[in-house]
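>>> Using only what follows, build the 3D model:
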Amino acid sequence: MRKYFSFSLLIVMIIMLSLGGVNLTQAQQKGDSVSPTNVNSVNAKMPWFSEYVHHVSYPNDVGAYASLALRPVDDLPYISYYDAANGDLMLAHYVKNGGGNCGTNNKWHCDVLDGVGGDNVGTYTSLDFWADVDNNAWRIGISYHDATNRALKFTSWTCYEAICTIHNTITIASTTMPFNDGLYTSFKFAPDGTPYIAYYVSNVIGDDSLHLAHRVDSGGNCGEGSASGKWECELIDAGDGVGQYASMDLTYEGAVNIAYYDAGNGNLKFAWWDGFSACHNPNGWGCSIIEGDGAPDTDVGLYASLIAQRSPLDTQFRIAYYDKTNGQLKYYQEGWEGETVAVDDMGTSTSPMGISMDVDKDGAPIIAYQKVQLTVFSRPTLNIARPYFVYDDGAFGNCGETPPGYLFTYWRCRILDNAGQNLSEANYVSVAVRSSGLAEIAYSEFYDFDIGDHATSLKFITQRFQAYLPLVTK
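Residues are numbered from 1 along each chain as shown. So this is what the prediction gives:
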């Protein structure tokens, strides 16, 4: 019998990027590096797949304060998070061969990094990587809060290929009542590998404050034990509730930018260092109000997520945040005539509401966030918002306000994980973009069947390229 074989082409999805009819908007903003002519739309269209990283049942509780970053050498995801049941700082990383000890099909490896011995550590985690290209090495670092000792802590290590040398787990700053150091940490490596940590100091009888710690060779004013004098801690701003939800990013040149919440006045604020400004003290830090301005009926700036300038062609910083007054996800982009725009209705909650932002390969924002649906039986879901033009499908947005200079609805919002009857997704969320342009998100899932049966687990959702296998017919 003769056999006839017809093979479909193996489609390699590399598409020339254009937006054809979308340029009817004529909407490119001055100084905006993102336009409908340079968007890698194939990535936005790729499907999403979710799995568990650390799945537990009552009475366990893991996955809060999740922070996701991608290893420079191969884009493998690493997630720092908090184990509330044991008071531990945890780190999970993806294992290609499935030989891990946690997660769906044991595809993840979960380790305790700090907390053994009874201390309650690991809240407010923030994770980052740095690639040491000259030495074919990379570094990983995590900032976090030590609740037992009211301290800011930091752990890091250097790796050459697959061999890692653990550095000291150190205390940068600690205190006693009425102060509490190291809350709302936000950590980044500078381009030269210097670690920077923005953090909040609570004071129950006086001014709270926003601080910045960075590593120095010697002569620093903070650091304990082996780290004594190896860190410099600076006061940036102070006041009632000033510095909560700090989000720090460094520009491609290494300039520090921080978005944060002024709880006493209900403002979203932004701080930068220019050497001569005086935000709180004449120490070279400047700060401004992005939205709020102390209006008595306005409360904005919670859960801030900031992205600074990533290249010489990128001339603006961006902030995603929560408008508590209106229950909205908001977005600010420098250059949009100083205006903020609503992206979606997030609803309201007495629990933390996750917001995290990154940018795609062309600089367009990707915002992962929790949305509390407005129906009686619905539960909080994991959602994503992106500009309409990244999808390159001829349609405009479906949510939010139109930014200044644009003629059509700008944002496209969609649900990524629709919580079940007894589930709540994304109280904590962290998004990162791979070098391929595909996005990944780490987030928490809260299971609440009744008062005596509840647990929080850590989940992960990622985009994947679609490949079409040969079709064989007789």
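>>> Using CSV, write down the CA coordinates of the helix or strand bottoming out on mean pLDDT in the chain.
Ranked by mean pLDDT, DSSP states H and E, the weakest helix or strand in the chain is helix 41-44, scoring a mean of 79. The C-alpha trace of helix 41-44 is given here as CSV (Å, rounded to 0.1, in the frame of the first residue of the first chain):
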residue,chain,number,x,y,z
SER,A,41,3.1,41.8,19.4
VAL,A,42,3.7,38.1,19.0
ASN,A,43,4.6,37.9,22.7
ALA,A,44,1.5,39.5,24.0
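>>> distance between that helix and the chain's centre?
The chain centre lies 21 Å from the centre of helix 41-44; the measure is Cα atoms, centre = their mean, to the nearest Å.
>>> Just want the phi and psi numbers for the closest residue to residue 268 other than its chain neighbours.
Distances taken as Cβ to Cβ, 6 or more residues apart in numbering put residue 301 closest to residue 268, at 3.1 Å, once the chain neighbours are dropped. C-beta coordinates here come from the backbone N, C-alpha and C atoms, glycine included. With angles defined as degrees, to the nearest 10, residue 301 shows backbone torsions of phi 110, psi 0.
>>> what does residue 227 give?
Dihedral angles (degrees, to the nearest 10) for residue 227: phi -90, psi 0.
>>> Quick check: it touching residue 174?
No - using Cβ atoms under 8 Å, residue 227 is not in contact with residue 174, being 11.3 Å away.
>>> Tell me the pLDDT of residue 341.
Confidence at residue 341, expressed as pLDDT, is 95.
>>> hang on, it packs against residue 403?
Yes - when contacts are counted by Cβ under 8 Å, residue 341 is listed as touching residue 403 (5.1 Å).
>>> between these two, what contacts are shared?
Contact criterion Cβ atoms under 8 Å, 6 or more residues apart in numbering; residues shared by residue 341 and residue 403: residue 410.
>>> Give the buried residues for whichever strand or helix holds residue 448.
Assessed by DSSP states H and E, residue 448 sits inside strand 439-450. Using 16 or more other Cβ atoms under 10 Å as the test for burial, strand 439-450 gives 439, 440, 441, 442, 443, 444, 445, 446, 447.
>>> name the helices or strands packed onto that strand?
In terms of contacts (3 or more Cβ pairs under 8 Å, 6 or more residues apart in numbering; DSSP states H and E), strand 439-450 is packed against strand 62-70, strand 77-83, strand 365-371, strand 381-387, strand 411-417, strand 423-433, strand 453-463.
>>> switch the cut-off to 6 Å
The helices and strands touching strand 439-450, judged by 3 or more Cβ pairs under 6 Å, 6 or more residues apart in numbering; DSSP states H and E, are strand 62-70, strand 423-433, strand 453-463.
>>> Let's have those in a markdown table, adding distance to residue 315, mean pLDDT and mean neighbour count.
Below are these laid out as a markdown table (distance: least, Cβ to Cβ, whole Å; pLDDT from 0 to 100; neighbours: other Cβ atoms under 10 Å):
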| stretch | distance to residue 315 | mean pLDDT | mean neighbour count |
| --- | --- | --- | --- |
| strand 62-70 | 25 | 97 | 24 |
| strand 423-433 | 20 | 96 | 24 |
| strand 453-463 | 28 | 92 | 21 |
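>>> Nearest approach to residue 219 belongs to which of the ones you listed?
Closest approach to residue 219 among the helices and strands packed on strand 439-450 is made by strand 62-70 (30.1 Å; Cβ to Cβ).
>>> Tell me the strands beside that closest one, with direction?
Within its sheet, strand 62-70 is paired with strand 77-83 (antiparallel), according to DSSP bridges.
>>> so how far is the partner strand off the chain centroid?
Relative to its chain's centre, strand 77-83 lies at 12 Å (Cα atoms, centre = their mean).
>>> So what's the residue count around residue 49?
Burial of residue 49, expressed as a neighbour count using other Cβ atoms under 10 Å, amounts to 10.
>>> er, residue 311 actually
Taking other Cβ under 10 Å as the criterion, the count of residues near residue 311 is 11.
>>> quick one: residue 403 from residue 387, how far?
9 Å (Cβ to Cβ, to the nearest Å).
>>> err, residue 446, not the other one
Separation of residue 446 from residue 387 (Cβ to Cβ) stands at 30 Å.
>>> what's the answer for residue 45, then?
Residue 45 is 14 Å from residue 387, by Cβ to Cβ.
>>> What of residue 339?
In terms of Cβ to Cβ, residue 339 sits 16 Å off from residue 387.
>>> what about the two, which has more around it?
Shown here are residue 339 and residue 387; by other Cβ under 10 Å, residue 387 has more neighbours (22 against 13).
>>> That one touches residue 363, doesn't it?
No - applying Cβ atoms under 6 Å as the test, residue 387 and residue 363 come out as separate, 10.3 Å apart.
>>> wait, which of the buried residues of strand 439-450 is closest to residue 371?
The shortest approach to residue 371 among the buried residues of strand 439-450 belongs to residue 443, at 12.4 Å (Cβ to Cβ).
>>> Let's see the distance spanning stretch 233-253 from one end to the other.
21 Å (Cα to Cα, to the nearest Å).
>>> Repeat that for stretch 331-340.
Start-to-end span of stretch 331-340 (Cα to Cα) is 6 Å.
>>> Mind listing what's buried along it?
By neighbour count with 16+ other Cβ under 10 Å, stretch 331-340 contains the buried residues 331, 332, 333, 334, 335, 336, 340.
>>> which ones among these are found in helices?
Counting by DSSP state H, these place none of their members in helices.
>>> Out of the residues you listed, which is nearest to residue 316?
Lowest distance from residue 316 to those (Cβ to Cβ) belongs to residue 334, with 3.6 Å.
>>> can you list the weak-confidence ranges in this structure?
Applying pLDDT under 70 to the chain flags residues 1-41, 162, 294, 374-377, 450-452, 467-474.
>>> before we move on, back to that, which residues are common contacts for residue 387 and residue 363?
Common neighbours of residue 387 and residue 363 are not found (criterion: Cβ atoms under 6 Å, 6 or more residues apart in numbering).
>>> thinking again about what came up before, mind listing what the residue nearest to residue 268 touches?
Residues in contact with residue 301 (Cβ under 6 Å, 6+ apart) are 261, 267, 268, 321.
>>> Taking those residues together, which two end up most distant?
Distance extremes for the contacts of residue 301: the farthest pair is 267 and 321 at 10.7 Å, using Cβ to Cβ.
>>> More neighbours: which of the two?
Neighbour totals were compared for residue 267 and residue 321, and residue 321 leads with 28 against 24 (other Cβ under 10 Å).
>>> any idea whether that one is helix, strand or coil?
With DSSP: H, G, I helix; E, B strand; the rest coil as the basis, the three-state label of residue 321 is strand.
>>> in the sheet, who's paired with it?
Listed beta-bridge partners, residue 321: residue 330 (assigned using DSSP bridges).
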